[in-house]
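Colleague: the following block contains a protein sequence and its predicted model.
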Amino acid sequence: MIRFSLVHILVFFYISSFAQTFKIDSIKSFVDTSISLIRSNAIDTSNINLIESLLYNKAKDLDAVSDLAPLYTGVFELLKDHHGSLKYKARTYSWDRPERPESAYLKAKLKTEKAVVSQIIDHTIAYLRIPGNNDFAFKKVDSIANDLTAHINKLSTAKIKAWIIDLRINTGGNMYPIFLGLQEFIGDQNIIFGGFRNAQGLSSGQWEIRDGHMRIDGIELLRQAQQKNSIKKDIPIVILTSCYTASAGEMTAISLIGRKNTSIVGEPTADYTTAVQGFTINKDAGINLSTDYVVDRNSKIYTGNILPDVEVLQGDDFENLKKDKKIIKALQLLNR
């Protein structure tokens, strides 16, 4: 009687599954290319063998690539990558994670609050609400940064003792203009205030200010509009977050984390703290993969969402900020 260990059985299954012939050569090519891209670039490839097994065994009998594409929802789940996606023709396939906490109030505000909002609270606290943007093509960097600077100029006077930077409805977009607008808050002449680490923990880009110039991953950013009044060094800041603070919104929070006199009040963020890169599979398809984790100025790596220093759930009220529970807590911290 011949006995096989579990390892032998798994190896046999693994080899035999990839020896399968495909009905359609273009499907095999699609699968092989996507697996190669995932293996070389994804930040977490711990399940790469399971991904290969899934795709080879389920794709070998398919008749069209359009039938193959939906399998990639399972691929992204195995990658634990809810930030990535497969783009095939006009459709997008990604991992639909289990429901996360929601706020009916803020969810409605995401549809209507598209502009920066600023005002003075209690004569000495400057309040700045920064929404997300859709500048994925980098065509509005100047206008977004200049608008943000104009709001800061309007608020910044000698009477201001602290700032509240509200990122609750910042669902992402382009982080570059937000960084530019907040440059004086982020740091002074020479500082590395964040960056990225790849799967091996090696630096794959950094955010820095050198000699008054901001550089993101080696690209120098220049702001057209200038601050009229200097921001006091280490002036207290409270950052407000929600379950909708995502991607560029999370990067903005991280750019300030570790700064002196800076706290986060609110809810855990949405967990989109990875850098995503796009790769071509063929003329009809491309795959977006999370390739790097973000780090703050203290080299802390964020593999998940940002947790607030002081958690305050719900209680949001943009119409009356003095009744907004997160702002009430922020004012308590600042007055203390």
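Modeller: Nice, I can see it. Just so it is clear, the structure is predicted and the values come from calculations on it, not from any experiment.

Colleague: which strand runs longest in this protein?
Modeller: Taking DSSP state E as the assignment, the strand of the chain that covers the most residues is strand 285-296.

Colleague: where do the domain boundaries of the chain fall?
Modeller: By the assignment in automatic domain parsing, the chain contains the domains 8-81, 104-335.

Colleague: right, and those - which one's nearest residue 95?
Modeller: If you check each of the domains of the chain against residue 95 by CB to CB, domain 8-81 wins as the nearest, at 3.8 Å. Yep, even glycine has a C-beta here, placed from its N, CA and C like the rest.

Colleague: excluding chain neighbours, what is closest to residue 141?
Modeller: Once flanking residues are discounted, residue 141 sits nearest to residue 177: 4.6 Å by CB to CB, 6 or more residues apart in numbering.

Colleague: the host helix or strand of the one you found: how far from the chain's middle?
Modeller: Residue 177 is located in helix 176-181, with elements delineated by DSSP states H and E. Distance of helix 176-181 from the chain centroid (CA atoms, centre = their mean, to the nearest Å) equals 15 Å.

Colleague: right, and the helix or strand after it?
Modeller: Moving toward the C-terminus from helix 176-181, the first helix or strand encountered (DSSP H and E) is helix 183-186.

Colleague: helices or strands up against that next one?
Modeller: For helix 183-186, the packing partners by 3 or more CB pairs under 8 Å, 6 or more residues apart in numbering; DSSP states H and E come out as helix 248-256.

Colleague: before we move on, the earlier item: what residues sit buried inside the longest strand of the chain?
Modeller: 285-296 (16 or more other CB atoms under 10 Å).

Colleague: make TSV out of those and add pLDDT and distance to residue 52.
Modeller: Formatted as TSV, the entries for these read as follows, by pLDDT from 0 to 100; distance: CB to CB, whole Å:
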residue	pLDDT	distance to residue 52
285	97	18
286	97	20
287	98	15
288	97	20
289	97	16
290	96	19
291	96	19
292	96	23
293	94	24
294	95	29
295	96	31
296	97	35
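
Colleague: tell me the one of the residues you listed nearest residue 165?
Modeller: Looking across the buried residues of strand 285-296 and measuring by CB to CB, the closest to residue 165 is residue 296, at 15.6 Å.

Colleague: surely the closest one meets residue 258?
Modeller: Yes: using CB atoms under 8 Å as the test, residue 296 is close enough to residue 258 to be in contact (5.1 Å).

Colleague: any shared contact partners between the two?
Modeller: With contacts defined as CB atoms under 8 Å, 6 or more residues apart in numbering, the residues shared by residue 296 and residue 258 are residue 193.

Colleague: where does the stretch 101-250 of the chain have low pLDDT?
Modeller: Per-residue confidence of the stretch 101-250 of the chain (counting by pLDDT under 70) places no residue in a weak region.

Colleague: apply 80 and report the result again.
Modeller: For the stretch 101-250 of the chain, the stretches flagged by pLDDT under 80 are 188-189.

Colleague: surely residue 323 touches residue 121?
Modeller: No: the pair formed by residue 323 and residue 121 falls short of the contact definition of CB under 8 Å, at 12.0 Å.

Colleague: between the two, who's got more neighbours?
Modeller: Neighbours per residue, other CB atoms under 10 Å: of residue 323 and residue 121, the larger number sits with residue 121, 16 against 11.

Colleague: for that one, what are its contacts?
Modeller: The contact partners of residue 121, by CB under 8 Å, 6+ apart, come to 127, 164, 321-322, 327, 331.

Colleague: that one and residue 45, how far apart?
Modeller: Shown here: residue 121 relative to residue 45, a distance of 48 Å by CB to CB, to the nearest Å.

Colleague: state the distance from the closest residue to residue 156 other than its chain neighbours to residue 200.
Modeller: Once flanking residues are discounted, residue 156 sits nearest to residue 229: 4.4 Å by CB to CB, 6+ apart. Distance, residue 229 to residue 200, using CB to CB: 44 Å.

Colleague: cool, residue 269 as well?
Modeller: 25 Å.

Colleague: neighbour count for these two, which is higher?
Modeller: Taking residue 269 and residue 200 together and counting by other CB under 10 Å, residue 269 has the greater number of neighbours (28 against 7).

Colleague: how confident was the prediction at the more buried one?
Modeller: The score at residue 269 is 97. That number is its pLDDT.

Colleague: that one looks like it's in a helix, true?
Modeller: No: with DSSP: H, G, I helix; E, B strand; the rest coil as the criterion, residue 269 is assigned coil and is not in a helix.

Colleague: what's near enough to touch it?
Modeller: The contact partners of residue 269, by CB under 8 Å, 6+ apart, come to 241-243, 245-246, 249-250, 253, 305-306.

Colleague: what does residue 31 give?
Modeller: 55-56, 59, 68.

Colleague: top of those by neighbour count?
Modeller: For these, the largest number of neighbours (other CB under 10 Å) sits with residue 55, at 25 neighbours.

Colleague: surely the residue nearest to residue 141 and residue 140 touch.
Modeller: Yes: contact criterion CB under 8 Å: residue 177 and residue 140 qualify, at 7.0 Å.

Colleague: what sits in contact with each of the two?
Modeller: Among the neighbours of residue 177, those also in contact with residue 140 (CB under 8 Å, 6+ apart) are residue 133.
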